[in-house]
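coords below, sequence missing:
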């Protein structure tokens, strides 16, 4: 009887193999076309996130956010003020100070004496972008930078100010920028998270996990922190006596139970838990390979400076950021603490520039060498700037207080017009004088470069549609190439 039906069976078998073979070819072709579309796309690009495809042609495929926690002094880095030098030691004009809030740290000190930068200012690159002379490395790629000197925010204290830069509002509990990208655009990597975080610098300011949390978005979109020790991701390694096979069977078993529970209660958060277990199992192989830089050539390592050889440093994290975007990670955020200079601003800026300048240069140059800079957007800045008046005695190593009224960010890479300066502060670097750029405007511009209309990436929560830019945000068109 079997022989009677064997020709038909054979025909079905051949048809099945032909069909599935063609399907795999189509899938591979689709993947290649999708990858090449990012390079010079003129149309929206398919993405694995909730959007399905970008709203318009993206200029960048990934974001690396270099967050300088503590608030770098714009006056001692990218915003020179000759007038401030002339007025050094004199009381700041009341017309400049206005009615702005100051913190309790300087509210009662009895003076607001102008404090000029102790550093020389030099013009860098063909574009002549001005910056402090001690920034010797990033100055080599000045023509790649778009410096925005007129960023402004509202919170005057660290926690709400960092929260504002991360989520678009100063209140905790909202999704961070990286989570929005993971939710909207998905993950190109099969074995690494879409949103990763690394922290470096002195332990002078806490970086709680809610600075990279997913808020009300599904938990699979929160940032995953990579540590510098033997366990880069907590609880990722197998306990003693547990093999990879055993761990895999355990994950499969737990996920089967989770699927049964999901079918019963219809809770979408269970699906996020299932995906997190599956990703964690894959990361047991991908993370050790990622963190191993032994195969990087000597010339590449030299770009990042000598600290690249030390785990946990900003330079090492910059190198790992490049390796992450190479592997399809959508959003990489590096927090570097230590910029909160309430005293000895001279020593603080020197230390912080020494720690971050080589890594910033190495990252940009390395990406450029590999043809990745055009598809990777780099953002660098903190939660606010510092005051033009000194904190403490100007003769005894003054500091600077918090100043959200105006501060500087620089951008480079995917879709950015390099060698440009946008915005202007007044002669004292205390108020925005030209082209103000709000935090929501910065976020709208970043989303635009990734192919997303900031008004259309929303999530309904608590009876309203939330978005990263809240109810504001205008694209900074002058920054676009």
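Received it, and whenever you're ready, just let me know what you need. This is a predicted model, so every value here is computed, not measured.

need the strands for the stretch 51-200 of the chain, in chain order.
62-68, 121-124, 129-132, 146-152, 195-200 (DSSP state E, counting those that start in this stretch).

Which neighbours in the sheet does the fourth one have, and how are they oriented?
Just to be clear, that refers to strand 146-152. With DSSP bridges as the criterion, the sheet partners recorded for strand 146-152 are strand 407-413 (antiparallel), strand 420-422 (parallel), strand 437-438 (parallel).

So for residue 109, what's the pLDDT?
Note for residue 109: predicted pLDDT of 92.

what's the answer for the one 5 residues further on, then?
Here the pLDDT value assigned to residue 114 is 97.

Residue 239 now?
pLDDT recorded at residue 239 is 72.

burial of it, as a residue count?
For residue 239, the tally of surrounding residues (other CB atoms under 10 Å) stands at 8. Any C-beta I mention is one placed from the backbone N, CA and C, and that applies to glycine too.

returning to that earlier point: highest mean neighbour count out of the strands paired with strand 146-152?
Ranked by mean neighbour count, the strands paired with strand 146-152 are led by strand 407-413 with a mean of 26 (mean count of other CB atoms under 10 Å).

neighbouring contacts of that strand?
60, 71-72, 74, 77-79, 141, 144-149, 151-153, 364, 367, 373-382, 384-386, 418, 442, 479 (CB atoms under 8 Å, 6 or more residues apart in numbering).

ok, which stretches of the stretch 151-300 of the chain are helices?
Assigned by DSSP state H, counting those that start in this stretch, the stretch 151-300 of the chain shows helices spanning 158-167, 177-185, 244-265, 268-291, 298-303.

Leaving out the residues flanking it, which one is nearest to residue 118?
residue 346 (4.7 Å; CB to CB, 6 or more residues apart in numbering).

And the helix or strand harbouring that neighbour, what does it pack against?
Applying DSSP states H and E as the criterion places residue 346 in helix 345-369. The helices and strands touching helix 345-369, judged by 3 or more CB pairs under 8 Å, 6 or more residues apart in numbering; DSSP states H and E, are strand 62-68, helix 298-303, helix 314-326, strand 331-336, strand 376-381, strand 407-413.

Reformat those as a markdown table; add mean pLDDT.
Formatted as a markdown table, the helices and strands packed on helix 345-369 follow (pLDDT from 0 to 100):
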| stretch | mean pLDDT |
| --- | --- |
| strand 62-68 | 98 |
| helix 298-303 | 98 |
| helix 314-326 | 98 |
| strand 331-336 | 98 |
| strand 376-381 | 98 |
| strand 407-413 | 98 |
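
could these go into CSV alongside distance to residue 355?
Shown next, in CSV, are the helices and strands packed on helix 345-369 (distance: least, CB to CB, whole Å):
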stretch, distance to residue 355
strand 62-68, 10
helix 298-303, 16
helix 314-326, 6
strand 331-336, 7
strand 376-381, 13
strand 407-413, 17
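
between those, which gets nearest to residue 121?
Within these, the stretch nearest residue 121 is strand 407-413; the backing value is 13.2 Å (CB to CB).

and residue 324, which of the strands of the stretch 51-200 of the chain is closest to it?
strand 195-200 (5.9 Å).

Show me what that closest one pairs with in its sheet, parallel or antiparallel.
strand 224-225 (parallel), strand 331-336 (parallel).

pLDDT averaged over the shortest one - what is it?
For strand 224-225, the mean per-residue pLDDT is 94.

So what touches it?
The contact list for strand 224-225 (CB under 8 Å, 6+ apart) reads 193, 195, 196, 197, 198, 199, 209, 212, 233.

ok, residue 398 - contacts?
With CB under 8 Å, 6+ apart, residue 398 has these contacts: 115, 343, 344, 345, 390, 391, 392.

Skip the chain neighbours and tell me the closest residue to it.
Nearest one to residue 398, counting by CB to CB, 6+ apart, is residue 390 at 3.6 Å.

Take the strands of the stretch 51-200 of the chain and write them to CSV, including mean neighbour count and distance to residue 331.
Shown next, in CSV, are those (neighbours: other CB atoms under 10 Å; distance: least, CB to CB, whole Å):
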stretch, mean neighbour count, distance to residue 331
strand 62-68, 24, 5
strand 121-124, 17, 28
strand 129-132, 22, 27
strand 146-152, 24, 19
strand 195-200, 24, 5
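
Put together JSON lines for those strands, with distance to residue 51 on each row.
Formatted as JSON lines, the strands of the stretch 51-200 of the chain follow (distance: least, CB to CB, whole Å):
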{"stretch": "strand 62-68", "distance to residue 51": "16"}
{"stretch": "strand 121-124", "distance to residue 51": "38"}
{"stretch": "strand 129-132", "distance to residue 51": "35"}
{"stretch": "strand 146-152", "distance to residue 51": "26"}
{"stretch": "strand 195-200", "distance to residue 51": "16"}
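
which one of these lies closest to residue 92?
strand 146-152 (18.4 Å).

tell me how far the closest one is from the chain's mean position?
17 Å (CA atoms, centre = their mean, to the nearest Å).

how much space between residue 377 and residue 237?
According to CB to CB, to the nearest Å, residue 377 and residue 237 sit 33 Å apart.

just residue 223 next, same as before
20 Å.

again with residue 140
Counting by CB to CB, the gap from residue 140 to residue 237 is 40 Å.

What residues are bridge-paired with residue 331?
Note on residue 331: beta-bridge partners residue 63, residue 195, judged by DSSP bridges.

these two touch, right, it and residue 49?
No: Residue 331 is not in contact with residue 49 according to CB atoms under 8 Å; the separation is 11.6 Å.

Report the set of residues contacting both of these two.
With CB under 8 Å, 6+ apart, residue 331 and residue 49 have common neighbours residue 182.

rewinding a little: quick check: which of the strands of the stretch 51-200 of the chain is nearest to residue 321?
Nearest to residue 321, of the strands of the stretch 51-200 of the chain and by CB to CB, is strand 62-68 at 4.9 Å.

Measure how that closest one sits relative to strand 331-336, angle-wise.
Here the directions of strand 62-68 and strand 331-336 differ by 10 degrees (axes from the mean of the first three to the mean of the last three CA atoms, to 10 degrees).

Great, nothing more from me.
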